[in-house]
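Visitor: predicted model and sequence follow; I will ask about them next.
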Amino acid sequence: MLLLQRRLWAGLSPVRPHFSCLVSAGIHSFSKLTEDGILIFQSKSTDIHQNLALEDWIETNVDLTDRRLFLLWRSRAAVVIGRHQNPWSECDLGAMWRAGVPLARRRSGGGTVYHDMGNLNLTFFSCRKLYDRQRNLRVVTEALRKARPELDVKATERLDIVLNGKYKISGSASRLSRKASYHHCTLLHSADGSALRSVLRPSTPGIHSNATPSVVSSVTNLTDHAPSLTWAELTQALVQQFNTEFGLSSPLALLDPSDESVFPGIGRVASELRSWDWTFGKTPKFSIETELSLVDNLTLERTTAQLHVELKNGLISSIAVTVPDHWLPRRVIDELCDVLTGERFCPHRAAAAISTLIKSEQDETQRRLHNLSNTVISIMG
């Protein structure tokens, strides 16, 4: 049997699994499942990269001709940026690293969002001709109204969903290919608001970029206004409304996106999404111009330095540091810039690259170079 389980709501007839477990039959098995009328799915995984890979796998491998699919999923704490965004200007990478919160870049556009187990993600798949984000959002707003009639929820022109006319509870993004499409949105049920605020702030000052910026909004959880709204009730309302909106009668099926027998090649997709080259290397080129405050820890003498960095594909293509002549010899500054040029804009890689240079100096020069290097590294997140 495939590792595929079904959780059916009351009144729906069970469908017995009858598919081959051969890897070569994986695509056929999932397609056969949809042909049997099962069009609504919930991911068993709470790994952000596995769930994003599942979205991409379905879009790439499933025939969506005249067909809609609906996927519900949740992930452990993570920050997810849009395809064309700059992570250094969108989130606090240092705070995320200390808290063990991963960063993921999705393949759709749009802004940055915080995920945790209090956030429900909804993905609407269709062929391109059936792509209709307003109708998809109507599934969400109508489900919420039926579950809790007292909630004032509306979709906006920006394709967000707001509560009471001012609090954002859902944001949208989408991806369209030649034949297929998916539109996904978040839905804040009971997310950790303090964690959200602590990580969704810039890592680096002085960034100049054409990357897509996020729009700052006031957010709230559904449970702040409807404390008794359970996950089971919310999920059931969304499943029922998707069926109602599109004239379907699909049960809900659980999927395991780590199962290569059902989703052949999905591990490779997840690995690509986890890679530095995708997560950071796909950042549109940008530059940084900022002032650095320096202090000699022994003499307590203070000064400032000017930093200018050009970056492409997440790599330092050029760097210039200007400090007063009495603070550090020009030779040392040039060596520092040479070491960093071509390196990833990453604190761990930069620290490793600089360490040999620092060890080669002595006394005041070494002390001040160490201070300058740490200050430069600190802006990398």
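Guide: That came in fine, so what should we check first?
Visitor: before we move on, which element is the closest residue to residue 322 other than its chain neighbours in?
Guide: Closest residue in space to residue 322, ignoring its immediate chain neighbours: residue 306 at 4.3 Å, by Cβ to Cβ, 6 or more residues apart in numbering. Backbone N, C-alpha and C define where each C-beta goes, glycine included. In the assignment (DSSP states H and E), residue 306 maps to strand 302-312.
Visitor: what does that strand contact?
Guide: 206, 283, 285-296, 316-324, 327, 345, 372, 375-376, 379 (Cβ atoms under 8 Å, 6 or more residues apart in numbering).
Visitor: can I have the buried ones of those as a PyMOL selection?
Guide: In PyMOL syntax, the buried subset of the contacts of strand 302-312 is picked out as below (16 or more other Cβ atoms under 10 Å):
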select buried, resi 283+286+288+292+294+316+319+321+323+327+345+372+375+376+379
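Visitor: all helices for the stretch 151-300 of the chain, in order.
Guide: With DSSP state H, counting those that start in this stretch, the ranges of helices along the stretch 151-300 of the chain come out as 193-199, 231-246, 266-274, 276-279.
Visitor: quick one: end-to-end distance for stretch 150-165.
Guide: Length of stretch 150-165, first residue to last, Cα to Cα, to the nearest Å: 13 Å.
Visitor: an error on my part: the question was meant for stretch 163-171.
Guide: 12 Å.
Visitor: pop the domain breakdown of this structure in here.
Guide: Split into domains by automatic domain parsing, the chain comes to 5-275, 286-378.
Visitor: out of those, which is the most enclosed?
Guide: Between the domains of the chain, domain 5-275 has the highest mean count of neighbours, a mean of 18, where neighbours are mean count of other Cβ atoms under 10 Å.
Visitor: could you give the mean pLDDT of that domain?
Guide: Averaged across domain 5-275, pLDDT comes to 90.
Visitor: roughly how far out does it sit from the chain middle?
Guide: Chain-centre distance of domain 5-275: 11 Å, with Cα atoms, centre = their mean, to the nearest Å.
Visitor: ditto for stretch 368-381
Guide: Using Cα atoms, centre = their mean, the offset of stretch 368-381 from its chain centre is 28 Å.
Visitor: quickly note the distance from the residue nearest to residue 322 to residue 292.
Guide: Distance of residue 306 to residue 292, given as Cβ to Cβ, to the nearest Å: 8 Å.
Visitor: repeat for residue 284
Guide: Counting by Cβ to Cβ, the gap from residue 284 to residue 292 is 24 Å.
Visitor: the strand holding residue 306 pairs with which strands, and in what direction?
Guide: Here strand 302-312 is paired, per DSSP bridges, with strand 286-295 (antiparallel), strand 315-322 (antiparallel).
Visitor: alpha carbons of it, as PDB, please.
Guide: Output of strand 302-312 as PDB, limited to C-alpha atoms (Å, rounded to 0.1, in the frame of the first residue of the first chain):
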ATOM      1  CA  ARG A 302      36.200  55.600  18.700                       C
ATOM      2  CA  THR A 303      35.900  56.400  15.000                       C
ATOM      3  CA  THR A 304      33.600  55.700  12.100                       C
ATOM      4  CA  ALA A 305      34.000  53.900   8.800                       C
ATOM      5  CA  GLN A 306      32.100  54.100   5.500                       C
ATOM      6  CA  LEU A 307      31.100  50.800   3.900                       C
ATOM      7  CA  HIS A 308      30.000  50.200   0.300                       C
ATOM      8  CA  VAL A 309      29.200  46.700  -0.900                       C
ATOM      9  CA  GLU A 310      27.900  45.500  -4.300                       C
ATOM     10  CA  LEU A 311      26.300  42.100  -4.400                       C
ATOM     11  CA  LYS A 312      25.100  39.800  -7.100                       C
END
